[in-house]
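Peer 1: Provided below for reference: sequence and predicted model.
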Amino acid sequence: HKCKNSDWWLLTTEEIQSRLSAAEAKFDYDCVRSSALRLQFLEGLAEALAKKNKTTQEIELKKLNNISKQRRKWGRIRRARKKPAKGLATKLTQRLPGGETRTVEDPQDLIDVSTQVNIDRSTQCYSCVFLQDQLLADIGILADGPAVPQILQGTYIPPPGTDIYTKLLLEELKMPEVVRLKPMAPAKITTANHVKGWRQQRPNTASEPTAVPFPLHIAASYDAQLAELDATLRSIPLEFGFSPTDFEQVTDAAIPKKSNVLDAEKMRNICLMNPAFNMNNKDFGQQLMAYNELHDLLHDAQSGSRKWRRAVEVVLQKFLTWDILRQKRRAGFLCSNDAMQCYDRIVHNVAMLAMMSRGADPTGLHSLFSTLQNAEHSIMTGYGKSDKPTYGGAARIMEGLLPIMGILQGNGMGPFIWAIVSSILLNIMMGQGFAGVISGVLTALTLRIVGYGFVDDTDLNYTAKDNTTPATELLGTFQSGIDHWEGLLRAYWWSFGHK
């Protein structure tokens with residue numbers, strides 16, 4: 001009645017559609033493009049931000065206006081340079097078996113191509129030894145097998161025929177004494193941590209379209225009763241080790257790594273998850289990292305995902321090392337390794353073993369990884385989200401197939417998993433003697449450096465112990481170190497790929 005459409009039941013479909021279009025145009029003109037309403041909104045937002053940040057309305061309004069100007073400015077620059085903004089794919093190129101490529105633009109073809117590429121990525125680690133035969137039976141797909149206590153105690157005897165790299169890895173998975181004596185507290189989400197975590201999130205963060213979005217979670221954190229209820233709902237799965245059905249929906253969004261590179265296999269697959277589930281991942285990972293930092297369980301060569309560590313400082317360390325070698329005229333080698341698509345190749349049971357050996361609560365881990373294995377994946381392109389086909393989920397397991405592996409790009413726990421796993425690999429390399437040796441001129445302090453790591457980028461380092469050893473004598477040992485690194489990656493989860 002207020003919209004003067006009380007006679008809608010007398011109208012034809014065409015007349016209804018015409019009135020709807022006219023109403024949308026009026027709304028766009030009066031509201032969306034109204035400078036007066038925009039200014040009114042900004043003033044209200046500035047007032048709220050001033051109360052939150054303990055500043056003045058004028059300061060916050062100036063910040064908002066500057067942000068708006070920057071967006072318009074860089075939008076004009078991008079259009080002038082004809083550089084497209086990175087967004088969801090509306091066109092892909094697919095490699096055919098004969099080496100040829102074809103361009104895919106049809107919406108359904110885009111979904112089919114993306115689905116197949118993502119399945120291939122998530123299953124290429126199936127050759128990992130921990131998903132084969134006796135090791136899989138002993139450990140279990142969720143690290144709940146009969147041999148897990150023996151591995152953590154360091155008493156497990158690998159089956160005959162196990163390669164040397166897998167044996168080294170299993171030995172390193174023994175739980176350190178400090179973890180046994182001072183175990184990490186069981187996983188639990190307190191109301192205080194829940195409120196603190198959500199108030200630090202950005203409201204425009206993308207998430208799984210069918211889930212409760214970020215703004216509603218953030219708004220609920222400001223109400224004491226709703227915050228306590230939400231914290232309890234998040235904490236129950238972690239405390240009892242199960243996967244809620246609401247968490248088991250994931251939407252895959254393919255985004256170009258580089259502008260104008262449309263190869264389907266080179267797209268970055270960002271997985272949009274349930275916000276509450278991903279907050280559980282973040283909280284669990286942060287607590288585990290804090291525990292590992294407290295008890296000095298992370299290898300010093302790994303700087304990624306750690307507080308007070310920056311990539312530029314790692315680069316400086318590398319350059320200083322080689323400056324010292326050049327000044328002392330000492331031979332040395334460096335191998336730069338980038339673990340390609342590492343998040344897509346992580347095998348769940350061995351990753352869980354690594355985390356449990358460094359203090360992670362098994363019940364909480366079981367909940368988080370069960371969700372990953374039970375998740376049903378849909379595809380989102382520039383044309384929207386698809387309902388079919390989907391891949392993964394419980395249906396795959398019911399067919400007798402292994403679940404989808406990998407921890408998904410966008411998983412809040414992903415960086416912490418890699419920090420712990422790579423620390424274990426670097427410990428093995430150090431224990432086998434594949435490390436460079438540098439001594440201080442004034443203090444005579446000797447440093448053993450296995451390499452420099454920042455997330456999945458690792459530079460392995462090996463040097464001579466004195467000035468008289470030529471590089472030719474080091475080459476064999478250094479090559480053996482590279483073979484060990486590759487073998488350990490293969491043992492951990494890899495269908496090996498690097499650059």
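Peer 2: All right, it came through fine. Numbering: from 1, shown residues only.

Peer 1: where does pLDDT dip in the stretch 151-300 of the chain?
Peer 2: Residues of the stretch 151-300 of the chain meeting the criterion pLDDT under 70: none.

Peer 1: all strands in it, in order from the N-terminus.
Peer 2: Using DSSP state E, counting those that start in this stretch, the strands found in the stretch 151-300 of the chain span residues 249-256, 267-272.

Peer 1: which of those strands is buried the deepest?
Peer 2: Looking across the strands of the stretch 151-300 of the chain with neighbours counted as mean count of other Cβ atoms under 10 Å, the highest average goes to strand 249-256: a mean of 21. In this view, the C-beta of every residue, glycine as well, is placed from N, C-alpha and C.

Peer 1: parallel or antiparallel, list what pairs with that strand.
Peer 2: According to DSSP bridges, strand 249-256 has the following sheet partners: strand 267-272 (antiparallel), strand 376-381 (parallel).

Peer 1: can you lay out these as JSON lines showing distance to Thr468?
Peer 2: Output for these, formatted as JSON lines (distance: least, Cβ to Cβ, whole Å):
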{"stretch": "strand 267-272", "distance to Thr468": "49"}
{"stretch": "strand 376-381", "distance to Thr468": "58"}
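
Peer 1: those: which one's closest to Thr12?
Peer 2: strand 376-381 (34.7 Å; Cβ to Cβ).

Peer 1: need the contact partners of the next helix or strand after the closest one.
Peer 2: Going down the chain from strand 376-381, the next helix or strand is strand 384-385, by DSSP states H and E. The contact list for strand 384-385, computed with Cβ atoms under 8 Å, 6 or more residues apart in numbering, reads 209, 251, 378-379.

Peer 1: apply 7 Å and report the result again.
Peer 2: 209, 251, 378 (Cβ atoms under 7 Å, 6 or more residues apart in numbering).

Peer 1: again, but for stretch 399-406
Peer 2: With Cβ under 7 Å, 6+ apart as the test, stretch 399-406 has contacts from 122-123, 125-126, 131, 141, 343-348, 373, 392, 396-397.

Peer 1: widest-spaced pair of these?
Peer 2: Tyr343 and Ile397 (21.3 Å).

Peer 1: neighbour count: those two, which is higher?
Peer 2: Each of Tyr343 and Ile397 has its neighbours counted (other Cβ atoms under 10 Å); Tyr343 has more, 21 against 15.

Peer 1: state the mean pLDDT of stretch 102-111.
Peer 2: Stretch 102-111 shows an average pLDDT of 89 in the prediction.

Peer 1: list the buried ones in it?
Peer 2: Neighbour-count burial for stretch 102-111, counted by 16 or more other Cβ atoms under 10 Å, picks out 104, 110-111.

Peer 1: chain center to that stretch: distance?
Peer 2: Taking Cα atoms, centre = their mean, to the nearest Å, the mean C-alpha location of stretch 102-111 is offset from the chain mean by 27 Å.

Peer 1: what's the answer for stretch 146-153, then?
Peer 2: Distance of stretch 146-153 from its chain centroid, counting by Cα atoms, centre = their mean, is 28 Å.

Peer 1: need the contact partners of it.
Peer 2: 138-139, 156, 170, 173-175, 353, 356-357.

Peer 1: farthest pair within those?
Peer 2: Farthest pair in the contacts of stretch 146-153, by Cβ to Cβ: Asp138 and Met175, 16.9 Å.

Peer 1: pretty sure Tyr165 contacts Leu489?
Peer 2: No - using Cβ atoms under 7 Å, Tyr165 is not in contact with Leu489; the gap is 8.7 Å.

Peer 1: related to what we said a few turns ago, let's have the contacts of strand 384-385 in a markdown table, adding distance to Asp459.
Peer 2: Formatted as a markdown table, those follow (distance: Cβ to Cβ, whole Å):
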| residue | distance to Asp459 |
| --- | --- |
| Pro209 | 40 |
| Thr251 | 36 |
| Ser378 | 39 |
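
Peer 1: just those residues now: which is nearest Glu313?
Peer 2: Of all those, Thr251 has the smallest distance to Glu313: 36.5 Å, by Cβ to Cβ.

Peer 1: how much space is there between that closest one and Thr155?
Peer 2: Distance, Thr251 to Thr155, by Cβ to Cβ, to the nearest Å: 44 Å.

Peer 1: now do the helices in the stretch 1-150 of the chain.
Peer 2: According to DSSP state H, counting those that start in this stretch, the stretch 1-150 of the chain carries its helices in the segments 13-27, 35-53, 57-80, 107-123, 133-139, 148-153.

Peer 1: before we move on, what about the stretch 301-450 of the chain?
Peer 2: Going by DSSP H, counting those that start in this stretch, the stretch 301-450 of the chain shows helices at 311-328, 348-357, 362-374, 394-398, 414-431.

Peer 1: Pro256 is nearest to which of the ones you listed?
Peer 2: helix 414-431 (20.4 Å).

Peer 1: could you tell me the angle between the closest one and helix 348-357?
Peer 2: Relative orientation of helix 414-431 versus helix 348-357 (axes from the mean of the first three to the mean of the last three Cα atoms, to 10 degrees): 80 degrees.

Peer 1: now do helix 414-431, average pLDDT.
Peer 2: The average pLDDT within helix 414-431 is 92.

Peer 1: could you say what helices and strands it packs with?
Peer 2: With contacts defined as 3 or more Cβ pairs under 7 Å, 6 or more residues apart in numbering; DSSP states H and E, helix 414-431 has these neighbours: helix 164-172, helix 275-294, helix 348-357, helix 471-492.

Peer 1: ok, 10 Å please
Peer 2: Applying 3 or more Cβ pairs under 10 Å, 6 or more residues apart in numbering; DSSP states H and E, one finds that helix 414-431 contacts helix 164-172, helix 275-294, helix 348-357, strand 451-454, strand 457-463, helix 471-492.

Peer 1: now these as JSON lines including mean neighbour count and distance to Arg38?
Peer 2: Shown next, in JSON lines, are those (neighbours: other Cβ atoms under 10 Å; distance: least, Cβ to Cβ, whole Å):
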{"stretch": "helix 164-172", "mean neighbour count": "18", "distance to Arg38": "59"}
{"stretch": "helix 275-294", "mean neighbour count": "21", "distance to Arg38": "28"}
{"stretch": "helix 348-357", "mean neighbour count": "24", "distance to Arg38": "48"}
{"stretch": "strand 451-454", "mean neighbour count": "23", "distance to Arg38": "43"}
{"stretch": "strand 457-463", "mean neighbour count": "23", "distance to Arg38": "44"}
{"stretch": "helix 471-492", "mean neighbour count": "17", "distance to Arg38": "53"}
